[in-house]
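In: What shape does this take:
(chains A and B)
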Amino acid sequence: MRILTLLCGFALCGAATAAPAPPPDASPAFTNPGFANPDTPGLMDARPAPATANVSDIVFMKTLAMGSRAEVELGKLAGSKASEPGVKTFAQRMVKDHTDANTKLGAAAGAARVDLPKDLDPDHAAVRAELQKHDGRDFDLAYVDSQIRDHQMAAQLLIYEIGNGQSADARRFAALTLPTVMEHLEMAKSLHDQLTR
Amino acid sequence: MNRWSSMLVFAVGAVALADGLPPDATYRPLPTVPLSTVIRNDRAAKPAVQQRQRALLESRYDLSDRPIPNVKMSGGRKFVQGGVRVKLPAGKTWDQLAALTPEQIRDQNLFPQGFLRLPHVKQSAGGQVFPQQQIDQINAQEKRSLQRFDVDFDLPDAFTPEFPAPIFLQNRPDLGDVSQGKLLTIRNYYEIMVGNITPVQMEGLRLLLTPFPQEEFNQTEDRKVVEQSNGVACLDCHANFHSNAAFHLTPDVRPQAARFRLDTTSLRGMFNQQIHGSKRSLRSVEDFTEFEQRTAYFNGDHVSATRKGVNLPDRPNQVAMMAQMQNMIDFPPAPKLRPDGTLDPAKATPKELAGEQVFNGKGQCATCHVPRNDFLDDRMHDLKTERFFKSGVVVNDQVVLPDGPIKTFTLRGIKDSPPYLHDGRLLTLADTVEFFNLVLGTKLSADEKDSLVDYMLAL
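Out: The predicted structure follows:
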């Protein structure tokens, strides 16, 4: 055995070629129980119910819902007002992706018994009102910049939920949504670079 | 027109998103659950936590014990592991991967998983995790527990530095290893080092071995050790001024799931190290020593540190002495290296000399790891590995993100310091060669890669 080990040293076994198994379930699995909802059923028996939300889950779902809802509204506006084809395509993608995300977020929130805001929040209403005053490339740039800020916020919120949340549904939603949001952020940054070049 | 545009952007930005992220995206919250319930839940989850991390490691790496024949670490206490351990995507060879563009590798999902960030064993909790040998030694000598109730150390013993590591003093290079084969602790340091160091250095050493409260090891209910703890010492991780592969999460990034793992850095050659910290680029070991009580100890959260009883060493006295002691620590001997950092052709093998050629030329290693500068350039560099993968994927509760600039680490005595890279994602020197061959696009041949490993073993 020892000889085999030695023979199989650096030179002979230089390449580990076995196919890697797919990574274990990518859904966030473990939380820090110190920051759980103390009312979680089963917590005292170390069998916490997976659907229970802590404060972080609730803040996450409510805040993300506001932003994601606004993405649809602003995307519709930009779909009609944008002058650059790239910005128009991006806006249409926002309407589609965020409509889809809002449905999934609604399901996760329902499972955790969290009420989501229904109307456009005042901050985003103000952004929409401001955008409506402008046209052409000025509109495009202002819209894209609002999207960079919104997607920075969304990405950070999702990362926050993955690390700080408790609800299994909300954390799974965050993990599944994050790559798309980061792709949106990259697209918005790239559009900004094109518009300011 | 441009001026108008920028005013417009400002106006829209000024009304947007006034509320910001929740405070616990940056600050550590106060616990909401009693400690006894936390212990019960953490213990119940622990087997699954360890099993998940083990499954991740096995999916990424060949973890078998395959030492390089006759090559041991500097203290002679442990063999150096050989071979490429990062697993390839199915049906691909290293040369095939190296022939692809970063975009092709990203879009076809071909970046070897072992080249991605290595998550903390329990990312959501994070914090310092010690290898079992360190836990056992400190428990035996000091009756102080470094054993967490929520997690255990995750890497196999074959891929960590020899323990205890030898200690070489640059103020007494004639002595050789002065560790006596023991782990320096607050219980034994004086008798081991008296006569070898100055009074000021001795006091610095005492402070470096004195436990102080830390995020997971303290007296409050927000801890991960069963009994109230006096805390941890600097040299609990930097064992014998080297590394025992204890790991942590970077204190410099938030939110929690975005933080990358940190493998303990060796303190050898501190006297020539000009920048410190994974992101902060502190410019002296004095600055680093002073502020670590709120970063390594408390995750860069001075608020939590204050609550749990942070120790703030006095700059002109304590910090200066701790820093001076660290600056006395030398690299292990490298008998084949000349004073200018080049190999002595009279002593080196042809393969090592060939490796030196690759290192300085086609491999581009010497661009940052400057041989005449202890293989340092005192800079941080961004390898932009995100060219090869899609950001935002979650692996074991950690988000795969770009790492940004990281400082250049020395390669002197590098065979003593597995695992490699700032987070320990690479288990062997052969892994580092494949990683940089792909990331830098150097397209090295198999012979060139082999010779590079031989060369690094001689450093």
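In: Give me the distance between the most centrally placed residue in chain A and chain B.
Out: The C-alpha lying nearest the average C-alpha coordinate of chain A belongs to residue A:178 (C-alpha atoms, centre = their mean; 3.5 Å). Distance, residue A:178 to chain B, using C-beta to the nearest C-beta, to the nearest Å: 4 Å. C-beta coordinates here come from the backbone N, C-alpha and C atoms, glycine included.
In: For that residue, give me phi and psi.
Out: The phi/psi pair for residue A:178 (degrees, to the nearest 10) reads phi -60, psi -50.
In: Quick check: it vs residue A:155, distance?
Out: 7 Å (C-beta to C-beta, to the nearest Å).
In: which residues are in contact with both of the two?
Out: residue B:392 (C-beta atoms under 8 Å, 6 or more residues apart in numbering or on different chains).
In: Now for the residue nearest to the centre of chain A: which residues touch it?
Out: A:155, A:158-159, A:162, B:392-394, B:399.
In: One more pass at 6 Å, please.
Out: By C-beta atoms under 6 Å, 6 or more residues apart in numbering or on different chains, the residues touching residue A:178 are A:158, B:392.
In: do residue B:268 as well
Out: Residues near residue B:268 by C-beta under 6 Å, 6+ apart: B:329, B:331, B:413.
In: Low-confidence stretches in the stretch 151-300 of chain B?
Out: Within the stretch 151-300 of chain B, no range satisfies pLDDT under 70.
In: how about the residues of it near chain A?
Out: B:255-258 (C-beta under 6 Å from any C-beta of the partner chain).
In: Any chance of a ChimeraX selection covering the buried ones in these?
Out: This is how ChimeraX selects the buried members of those, with burial counted by 16 or more other C-beta atoms under 10 Å in any protein chain shown:
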select /B:255,256,257,258
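In: what are the ranges of the helices in the stretch 151-300 of chain B?
Out: B:189-193, B:199-208, B:234-237, B:285-291 (DSSP state H, counting those that start in this stretch).
In: ditto for chain A
Out: Shown for chain A, the helices assigned by DSSP state H span residues A:2-7, A:55-81, A:85-111, A:122-132, A:136-164, A:168-196.
In: most centrally placed residue in chain B?
Out: Note: chain B centre (C-alpha atoms, centre = their mean) maps to residue B:263, 2.2 Å.
In: gap between it and residue B:409?
Out: 10 Å.
In: Could you do residue B:121 as well?
Out: Where residue B:409 is concerned, residue B:121 sits at a distance of 23 Å (C-beta to C-beta).
In: out of those two, which sits in the busier spot?
Out: With neighbours defined as other C-beta atoms under 10 Å in any protein chain shown, residue B:121 and residue B:409 compare such that residue B:121 has more, 28 against 18.
In: That one reaches residue B:153, doesn't it?
Out: No: applying C-beta atoms under 6 Å as the test, residue B:121 and residue B:153 come out as separate, 7.6 Å apart.
In: neighbours around the closest residue in space to residue B:79 that isn't next to it in sequence, how many?
Out: Nearest residue to residue B:79, sequence neighbours excluded (C-beta to C-beta, 6 or more residues apart in numbering or on different chains): residue B:67, at 3.2 Å. Per other C-beta under 10 Å, the neighbour tally for residue B:67 reads 19.
In: And the one 3 residues further on, by the same measure?
Out: One way to gauge burial is a neighbour count; for residue B:70, by other C-beta under 10 Å, it gives 9.
In: Please apply the same query to residue A:120.
Out: 17.
In: what are the phi and psi angles of the residue nearest to residue B:79?
Out: phi -70, psi 160.
In: hang on, isn't it packed against residue B:83?
Out: No: applying C-beta under 6 Å, one finds residue B:67 not in contact with residue B:83, separated by 9.6 Å.
In: follow-up on the earlier one: return the most buried member of the helices of the stretch 151-300 of chain B.
Out: Comparing the helices of the stretch 151-300 of chain B by mean neighbour count (mean count of other C-beta atoms under 10 Å in any protein chain shown), helix B:234-237 ranks first with a mean of 24.
In: Touching that helix from outside, list them.
Out: B:208-209, B:246, B:264.
In: Please type out the PyMOL selection for whichever of these turn out to be buried.
Out: Only the buried members of these enter the following PyMOL selection, criterion being 16+ other C-beta under 10 Å:
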select buried, chain B and resi 208+209+246+264
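In: which among the contacts of helix B:234-237 gets closest to chain A?
Out: Within these, the smallest distance to chain A is 19.6 Å, found for residue B:246 (C-beta to the nearest C-beta).
In: quick one, what contacts that closest one?
Out: B:130, B:237, B:264.
In: Need phi/psi at the first one.
Out: Backbone torsions of residue B:130, given as degrees, to the nearest 10, read phi -110, psi 150.
In: quick one on the thing from earlier: ok, and which of the helices of chain A has the densest surroundings?
Out: Of the helices of chain A, helix A:136-164 is the most buried (mean count of other C-beta under 10 Å), at a mean of 23.
In: pLDDT of it, averaged?
Out: Taken as a whole, helix A:136-164 has a mean pLDDT of 96.
In: For it, what is the distance to the chain centroid?
Out: Distance of helix A:136-164 from the chain centroid (C-alpha atoms, centre = their mean, to the nearest Å) equals 10 Å.
In: Same check on stretch B:338-348?
Out: 29 Å.
In: what does stretch B:272-290 give?
Out: For stretch B:272-290 - counting by C-alpha atoms, centre = their mean - the centre lies 14 Å from the chain centre.
In: how many other residues sit next to the closest residue to residue B:32 other than its chain neighbours?
Out: Distances taken as C-beta to C-beta, 6+ apart place residue A:38 nearest to residue B:32, at 5.3 Å, with adjacent residues excluded. Counted with other C-beta under 10 Å, the neighbours of residue A:38 add up to 13.
In: In this structure residue A:38 contacts residue B:33, no?
Out: Yes: assessed by C-beta under 6 Å, residue A:38 is found in contact with residue B:33 at 5.3 Å.
In: residue contacts, residue B:413?
Out: B:268, B:331-332.
In: again, only using 8 Å
Out: B:74, B:266, B:268-269, B:331-332, B:334, B:459.
In: Need the max-distance pair from the residues you listed.
Out: B:266 and B:334 (14.4 Å; C-beta to C-beta).
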